[in-house]
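Asks: structure of the sequence below:
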Amino acid sequence: MGSVLSGFATIAIIIGVGALLAHLGVLDLAAQKVLANVAFTVATPALLLTTIAGTDVRVLLSHNLITSAASAVVAGGLYAVVARLAWRRTSGDLAIGAATSAYVNSANLGIPVAAYVLGNAALVAPTLLLQLLVIQPIMLAVLDAERSGRRPSPWSLVRTTLTNPVTAGTLIGLALSLTGWSLPNWLGTPLQLIGAIAIPGMLLAYGVALRLGPGLGGDLPKPELALTTALKLVGQPVVAYAVAHFLLGVTGPALLAIVVIAALPTAQNIFIIATRYDRSTVLARDTILLTTLGSMPVILAITLLLGH
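Replies: Model (predicted):
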């Protein structure tokens, strides 16, 4: 558990450094956008390519994949229905809002949680790959279609998905994993170094936004922020538990792993994508903040209830 606390502390410190640099005038909102763009177009694709290339994609064939998909669909779908009816959100805003409600921080928090709470870092891989290979490409295709102003055709969805740098990095990594090929050192080493920028860049940009952006909630309807936070911290793990235990018959440590992973906070890269497309940035920023703060007691409670 100490390593999980250390993971949360690491994230908080880097975000704090970003906020401090913004407070001192070293970074401004223009710099925040530069950090976000570098993370989105270069660093994150490099990180995903090298990460997935070294992952055994066969781990997708597990109960974890089914429950991850079901809990994400239910949480994101509930947000989309309510937000469309209550606040008339556009498709781009719905895509970001649904992601803030269901897209877990499976990398920089999920990996230490899986390793030190659950005893196996590979347990988070199904969720990680599902999000990178399915959920994120769909979200990016919706955002690209809205920005272009045209109703997407099947071919345009494929084209925008394949040409998006984040999705391209993911698919190249998947191809390398499936074929067993390895990148030559002269290419793999630079990609690993560039990929190492991704998470710090996201967190620094997030810290700048916290310091210089509008206050908590901004002009958002407070019920909308409450909805995304509740769906992420409570709704998604409850659905994961119900599907895994009652439909798939999962018990014991395997059930604990599924529910803990579902309770992880919203991933920081949703804020980077929101910033990139200028859609629901305050909602993404504040949901990430509230779920990151709230996930630790939730995970501790789950561990106490199911960890017997």
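Asks: could you pull out the helices in the stretch 201-308 of the chain for me?
Replies: Along the stretch 201-308 of the chain, counting by DSSP state H, counting those that start in this stretch, helices occupy 222-230, 236-242, 252-262, 269-277, 281-306.
Asks: highest mean neighbour count out of those helices?
Replies: Among the helices of the stretch 201-308 of the chain, ranked by average contacts under mean count of other CB atoms under 10 Å, first place goes to helix 269-277 (a mean of 26). For glycine as for every other residue, the C-beta is placed from the backbone atoms N, C-alpha and C.
Asks: outside of it itself, list whatever touches it.
Replies: Residues outside helix 269-277 that contact it (CB atoms under 8 Å, 6 or more residues apart in numbering): 32-33, 36-37, 39-40, 44, 92, 96, 99-100, 103, 139-140, 143, 147, 166, 202, 205-206, 209, 280-281, 283-285, 288.
Asks: ditto for stretch 41-50
Replies: In contact with stretch 41-50 (CB under 8 Å, 6+ apart) are residues 132, 165-166, 168-170, 172-173, 176, 183, 188, 191-192, 194-199, 201-202, 269, 272.
Asks: could you list the low-confidence segments of the protein?
Replies: Where the chain drops to pLDDT under 70, the residues are 1-4, 58-61, 108, 116, 121-122, 151-153, 156-157, 160-161, 308.
Asks: centroid residue for it?
Replies: Residue closest to the mean C-alpha point of the chain, counted by CA atoms, centre = their mean, is residue 267 at 3.1 Å.
Asks: identify the residues contacting that one.
Replies: 103-107, 131, 288.
Asks: and for residue 71?
Replies: Neighbours of residue 71 in contact, by CB under 8 Å, 6+ apart: 102, 236-237, 239-240, 243, 262.
Asks: from these, pick the one nearest residue 252.
Replies: Using CB to CB, residue 240 comes nearest to residue 252 of these, at 15.1 Å.
Asks: quick check: that closest one touching residue 69?
Replies: No: checked against CB atoms under 8 Å, the pair residue 240 and residue 69 is beyond contact range at 10.1 Å.
Asks: between the helices of the stretch 201-308 of the chain, which gets nearest to residue 7?
Replies: helix 281-306 (9.9 Å).
Asks: tell me what the closest one is packed against?
Replies: Counting contacts by 3 or more CB pairs under 8 Å, 6 or more residues apart in numbering; DSSP states H and E, helix 281-306 is packed against helix 2-23, helix 91-102, helix 198-212, helix 222-230, helix 252-262, helix 269-277.
Asks: for those, which one sits closest to residue 56?
Replies: That would be helix 252-262 among the helices and strands packed on helix 281-306, by CB to CB, at 16.9 Å.
Asks: tell me how far the closest one lies from the chain's centre.
Replies: Centre-to-centre, helix 252-262 and its host chain are 18 Å apart (CA atoms, centre = their mean, to the nearest Å).
Asks: and for stretch 166-177?
Replies: Distance, centroid of stretch 166-177 to centroid of chain: 17 Å (CA atoms, centre = their mean).
Asks: would you format the contacts of residue 267 as JSON lines with secondary structure included?
Replies: Output for these, formatted as JSON lines (DSSP: H, G, I helix; E, B strand; the rest coil):
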{"residue": "103", "secondary structure": "coil"}
{"residue": "104", "secondary structure": "strand"}
{"residue": "105", "secondary structure": "coil"}
{"residue": "106", "secondary structure": "coil"}
{"residue": "107", "secondary structure": "coil"}
{"residue": "131", "secondary structure": "helix"}
{"residue": "288", "secondary structure": "helix"}
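Asks: kind regards, and thank you for your time.
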